[in-house]
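In: only geometry, no sequence info:
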């Protein structure tokens with residue numbers, strides 16, 4: 001390395017010596033004699049200073065000398081850099097400072113603000129697949145793709161109960177974990193915070209709700225808490241829109257709100273007025289129960305234009321909560337409380353009139369909040385404590401359906417006319433004892449789904 005630097009120094013000195021004595025180029029047309037090159041002397045030790053005749057440099061000679069000296073300085077700097085890199089055992093490489101900065105002159109576009117403020121969560125809780133997973137909520141977008149919500153383990157920096165979300169794309173054969181909102185998994189709406197239910201519209205867009213509302217638009221990687229001005233008791237997704245029943249925190253009448261699933265832009269549907277629940281949506285058909293009148297409400301609200309306008313009809317059980325199902329309009333099913341019990345009703349004219357379905361009351365005693373689901377205009381299932389009853393005759397006849405061994409059914413639902421699920425407690429009614437059952441024959445039989 002030292003020999004290389006010595007040779008480079010000698011060549012630089014010679015270049016400097018020659019460049020400083022070069023004359024400006026001759027003007028066009030002039031003839032000049034070539035100047036003989038100075039003789040070289042072998043280098044022995046440090047080069048002694050040369051004795052030169054003092055000359056007054058003109059402007060052009062001065063600028064050329066300065067240019068040569070600048071070039072020498074650059075080359076010397078390169079030598080130092082090369083030497084430093086070789087000593088450090090690295091090859092030279094570009095740094096961020098040596099790269100030209102890229103700036104954009106295009107105007108910065110900002111998305112329009114949502115109708116209500118949002119509060120981003122600091123981060124989602126990590127995905128997990130707990131051992132002995134017990135599902136509390138089920139949502140699906142087809143026969144094979146489901147999500148399940150249940151209790152999970154909490155990281156050290158989080159206090160409270162944590163949720164775990166499992167996803168399957170093969171009908172329950174395999175499950176993977178999905179990150180959850182950084183919020184408590186809570187079983188009630190009394191606190192106004194946390195969530196207990198789950199709903200997904202597609203692999204990217206989903207919601208965790210009841211009592212608060214959280215949204216994801218990247219499959220659960222991140223979640224945002226959405227401030228809709230109250231607690232969310234019901235949420236249904238259909239045709240690219242999400243609908244929710246929102247009540248004032250701490251109780252009171254509710255309102256029906258709607259937002260596109262791709263982004264959070266929730267707005268109240270004023271045509272519905274005050275609502276209490278019973279939300280059902282399929283396509284442009286929206287059904288809910290009004291909060292007007294005595295008790296929960298005496299009217300059924302039905303919309304055929306996505307909630308922009310509603311027709312009003314008497315509720316099957318005035319003053320008591322109902323749940324509606326209309327997989328094949330104009331048929332509308334309703335399961336409503338009657339006091340300490342409940343019953344099933346059916347309408348064939350979009351909810352304008354309801355008639356009692358056989359099995360209501362003492363002939364088929366149902367608890368006050370029985371799980372219910374309809375697979376079609378003629379097939380429905382209802383949970384009666386330890387039993388599931390099914391009708392394929394528009395409610396005229398009901399028959400008992402297996403399985404057995406469940407102390408209480410908590411949820412029934414269908415993803416299409418033949419596939420559906422049931423959630424029930426195996427033993428004591430506790431979150432850790434919930435089990436998932438699946439049907440592929442429109443509720444004629446259910447089989448246990450093995451979970452981690």
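Out: Perfect, I can see it now. On a predicted model such as this, the values are computed, not experimentally measured, just so you know. Numbers count the residues shown, from 1 in each chain.

In: pLDDT weak spots in the stretch 101-250 of the chain?
Out: Along the stretch 101-250 of the chain, the parts satisfying pLDDT under 70 run over 101-122, 187-191.

In: how about the helices in it?
Out: Taking DSSP state H, counting those that start in this stretch to define them, one finds no helices in the stretch 101-250 of the chain.

In: how about the strands in it?
Out: Per DSSP state E, counting those that start in this stretch, the stretch 101-250 of the chain carries strands over the ranges 118-120, 137-140, 146-152, 162-168, 176-178, 197-200, 206-209, 213-216, 224-226, 231-238, 241-247.

In: tally of neighbours for residue 138?
Out: Each residue near residue 138 was counted by other Cβ atoms under 10 Å, and the total is 22. No exception for glycine: its C-beta is placed from N, CA and C like everyone else's.

In: quick one: contacts for the residue lying closest to it once chain neighbours are set aside?
Out: The shortest distance from residue 138 to any non-neighbouring residue, by Cβ to Cβ, 6 or more residues apart in numbering, is to residue 421 (5.4 Å). Counting by Cβ atoms under 8 Å, 6 or more residues apart in numbering, residue 421 touches 138, 140, 146, 411, 412, 413, 415, 436, 437, 438, 439, 449.

In: for the strands of the stretch 101-250 of the chain, which one sits closest to residue 336?
Out: strand 231-238 (15.2 Å; Cβ to Cβ).

In: Output the contacting helices and strands for that closest one.
Out: Judged by 3 or more Cβ pairs under 8 Å, 6 or more residues apart in numbering; DSSP states H and E, strand 231-238 is in contact with strand 197-200, strand 206-209, strand 241-247, strand 274-282.

In: Name the surrounding residues that touch the last one.
Out: Taking contacts as Cβ under 8 Å, 6+ apart, the residues outside strand 274-282 that touch it are 233-238, 241, 243-245, 253-256, 286-292, 296-297, 300-301, 321-327, 329, 334.

In: What mean pLDDT does it get?
Out: Averaging pLDDT along strand 274-282 yields 95.

In: Please tabulate the contacts of residue 421 in JSON lines, including the columns distance to residue 404.
Out: Formatted as JSON lines, these follow (distance: Cβ to Cβ, whole Å):
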{"residue": "138", "distance to residue 404": "21"}
{"residue": "140", "distance to residue 404": "25"}
{"residue": "146", "distance to residue 404": "24"}
{"residue": "411", "distance to residue 404": "18"}
{"residue": "412", "distance to residue 404": "16"}
{"residue": "413", "distance to residue 404": "20"}
{"residue": "415", "distance to residue 404": "24"}
{"residue": "436", "distance to residue 404": "16"}
{"residue": "437", "distance to residue 404": "11"}
{"residue": "438", "distance to residue 404": "16"}
{"residue": "439", "distance to residue 404": "15"}
{"residue": "449", "distance to residue 404": "16"}
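
In: which one of the residues you listed has the most neighbours?
Out: residue 412 (27 neighbours).
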